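> here's a sequence, model it:
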Amino acid sequence: MNEVILGSVLSALSTGLGALIILFLQSSITHGWRDVLLAFTAGIMMAASTIGLIPEALKYGGFVPLAAGIFLGVLILTLLEMNIPHMELQHSQKNIQFDEKAMLIITAITLHNIPEGLSVGVSYASSAGETGNLIAFAIGLQNAPEGFLVALFLINQKINKFTAFIIATLTGAIEIVTSMIGYYSTSFVKGLIPYGLAFAAGAMLFIIYKELIPESHGDGNEQTSTYSFIGGLLFMILLFELF
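Prediction:
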């Protein structure tokens, strides 16, 4: 119990850790560095879903719960994508420019964090505790650049740095609540565990292919981003081997 609380809190507050950089940033970040970071994150999440979540789902339920859970995760993320305003980035070699809809963007980012929190919770519900730790770590790494981008967006809307940092941190706080929901729902109904693990995998795969990889390939940084993706994949595999 303590482990899932700690893991969910650290994963959620990674959003604030990424936003913390904004307090010391004197100028905007280039798309080249941002693309490398997004691709590295995509590699980490790919390893977490294919080496951690999917084998665990197969172990606990077999192929049918795996396929159903992945489909449900993709479906939920698709519905969110269709019905919630999304943070669109105008591709530029020098700076990141954001759409001018601050409250809608904050709401969108907060709601997009719901399935990520569920992913952490259901991962801890399986008997393999290390899976929960690694998924929390992977989601945390994904949250850090997200927090940075939200804070950067708010600063571009003439909001002071400290306020932007606080707001960006709070967008990730919902993951603590949804993580506990995911953990308790699968703990009380053991048959939900493979579906929950597969749901988490489907949600992560959607984020990887629909969001992270396309965003990292929009500014002529395809080769560098590809190397970064592979580096992130190998880094996560190394963590699996060590822990």
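> tell me what the longest helix anywhere in the chain is packed against?
The longest helix of the chain (DSSP state H) is helix 129-156. With contacts taken as 3 or more CB pairs under 8 Å, 6 or more residues apart in numbering; DSSP states H and E, helix 129-156 sits against helix 2-20, helix 31-47, strand 97-98, helix 102-112, helix 114-125, helix 161-171, helix 222-242. Quick note: C-beta positions are derived from backbone N, CA and C, even for glycine.
> give me the number of residues near the closest residue to P145 other than its chain neighbours?
Using CB to CB, 6 or more residues apart in numbering and skipping the chain neighbours, the partner closest in space to P145 is L37 (5.0 Å). Residues near L37, counting by other CB atoms under 10 Å, number 22.
> separation between L37 and L10?
Between L37 and L10 the computed distance is 19 Å (CB to CB, to the nearest Å).
> please apply the same query to E56.
In terms of CB to CB, E56 sits 21 Å off from L10.
> need the residues that contact stretch 226-242.
Stretch 226-242 is contacted by residues 35-37, 39-44, 46-48, 51-52, 134, 137-138, 213, 216 when judged by CB atoms under 8 Å, 6 or more residues apart in numbering.
> mind redoing it with 10 Å?
Here stretch 226-242 makes contact (CB atoms under 10 Å, 6 or more residues apart in numbering) with 35-52, 130-131, 133-134, 137-138, 141, 208, 212-213, 216-217, 221.
> which among the residues you listed end up buried?
For those, a burial check counting by 16 or more other CB atoms under 10 Å picks out 35-52, 131, 133-134, 137-138, 141, 208, 212-213, 216-217, 221.
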